[in-house]
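Asks: below are the sequence and a predicted model; questions follow.
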Amino acid sequence: MNSIKISLLIAALLGIFSIATPAAASSPCGDTVRVVRGDSLSKIARRCGTQISPLLLANPRIKNANLIYPGTELQIPQKAIRAHFGQDSSPTIVIRPEADRLSLAQIEELGISEGSQERWIDVDLSSQTVSAYRGKMVVRTFLASTGLRRTPTVTGQYEIISKFRLDDMKGPGYNLKDVPFTMYFHRSYALHGTYWHSNFGTPMSHGCVNLSEEDSAWLFDYASVGTLVNVHN
C-alpha cells in the first residue's frame, strides 16, 4: 500500500512539474508557419512533411538556411500548391518565385507566341528545377537533380526524341536497371525518375535530369515525343 501511495505522489509531482515548465509549442502547419525559439529549417521541414529545398524556394527572403529568426513567418510549399492546383502534391513540387521564372521575352525567343497552348519543359540548372509550361503559363514546377560539375547537363534547346516507361542505363561509374519514366532529349541525356536518391534540389547526376518517381510519372504523361526541352543556367 505504501508503495502505491509513493507512486501516486511521484506521479502528481511530475504532473505539477510538467505544468510549471511547459515546452515551447511548435506552430501547426497551415499555409504558413511562424518560427519559434529552437526551430530550424530541418525541424520545420520534418514537421510539415516537406524538405529544406522547397522551403527555401517558397521563402526567397531566406539567404542563409542555417539562420532563421523566431517570429519569422514561413510559407509552406505544399499548402500553397494544393490551394493553387486544387489537389495533393508531393514534397518536391514547388512554387517557383516570380523573379526566377523566364521572362515573357525569353519565352518568346523560344518561339512560344501569345495565346499558344504548346506544352514544353524548362530545366533551370541554377535553381535545380524543372517547369512544365503550357504556352506562357507555368503548370507545375518540380525540384530536380542535374549533372555534377564533372558531368554537367547540356544546355540549349532540344526536343524529346524517345520515351520509355522503364529503361536500363549504363555508363562510366553507373549501371542502373529499370529507370522509370525516361525521356531522352539529346543523345544519352534524359529526364527520368530516380529511385536511388531523394536529394532533389542538389546536382547529383552524370548529366541526366533526375526527378522523383511521382514527378517523373506526371511529366511523362504531360509531354510527348517532339516536346521542346529548354535547358539553361
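Replies: Looks like it came in fine.

Asks: contact partners for residue 206?
Replies: 147-148, 151, 171-174 (CB atoms under 8 Å, 6 or more residues apart in numbering). For every residue, glycine as well, the C-beta is placed using N, CA and C.

Asks: of the residues you listed, buried ones?
Replies: Neighbour-count burial (16 or more other CB atoms under 10 Å) applied to those gives residue 147.

Asks: any chance of the contacts of residue 206 in JSON lines, plus distance to residue 197?
Replies: Listed next are these as JSON lines, based on distance: CB to CB, whole Å:
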{"residue": "147", "distance to residue 197": "14"}
{"residue": "148", "distance to residue 197": "12"}
{"residue": "151", "distance to residue 197": "15"}
{"residue": "171", "distance to residue 197": "17"}
{"residue": "172", "distance to residue 197": "18"}
{"residue": "173", "distance to residue 197": "14"}
{"residue": "174", "distance to residue 197": "12"}
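
Asks: just give me the closest of the contacts of residue 206 to residue 123.
Replies: Residue 123 lies nearest to residue 147 out of those, by CB to CB, at 10.7 Å.

Asks: that closest one and residue 202 touch, don't they?
Replies: No - counting by CB atoms under 8 Å, residue 147 sits too far from residue 202 to count as a contact (11.5 Å).

Asks: would you list every one of the strands in this structure?
Replies: Along the chain, counting by DSSP state E, strands occupy 32-34, 73-75, 93-94, 119-124, 129-134, 137-143, 156-159, 162-171, 174-186, 189-193, 209-211, 228-232.

Asks: those strands: which one's closest to residue 55?
Replies: Of all the strands of the chain, strand 73-75 sits nearest to residue 55, with 6.6 Å by CB to CB.

Asks: ok, that closest one: who's next to it in the sheet?
Replies: Its sheet considered, strand 73-75 pairs with strand 32-34 (antiparallel) by DSSP bridges.

Asks: which pLDDT value belongs to residue 66?
Replies: pLDDT for residue 66: 75.

Asks: right, I mislabeled it, should have said residue 3
Replies: 49.

Asks: per-residue pLDDT, residue 57?
Replies: 67.

Asks: and the strands of the chain, which one averages the lowest pLDDT?
Replies: When those are ranked by mean pLDDT, strand 93-94 comes last with a mean of 62.

Asks: domain map for this protein?
Replies: For the chain, automatic domain parsing gives the domain ranges 25-87, 98-232.

Asks: just the ones you listed: most buried one?
Replies: By mean neighbour count, with neighbours taken as mean count of other CB atoms under 10 Å, domain 98-232 ranks first of the domains of the chain at a mean of 17.

Asks: distance between it and the chain's centre?
Replies: Chain-centre distance of domain 98-232: 13 Å, with CA atoms, centre = their mean, to the nearest Å.

Asks: quick one on the thing from earlier: quick check, nearest of the contacts of residue 206 to residue 211?
Replies: The closest of those, once distances to residue 211 are taken by CB to CB, is residue 147, at 13.8 Å.
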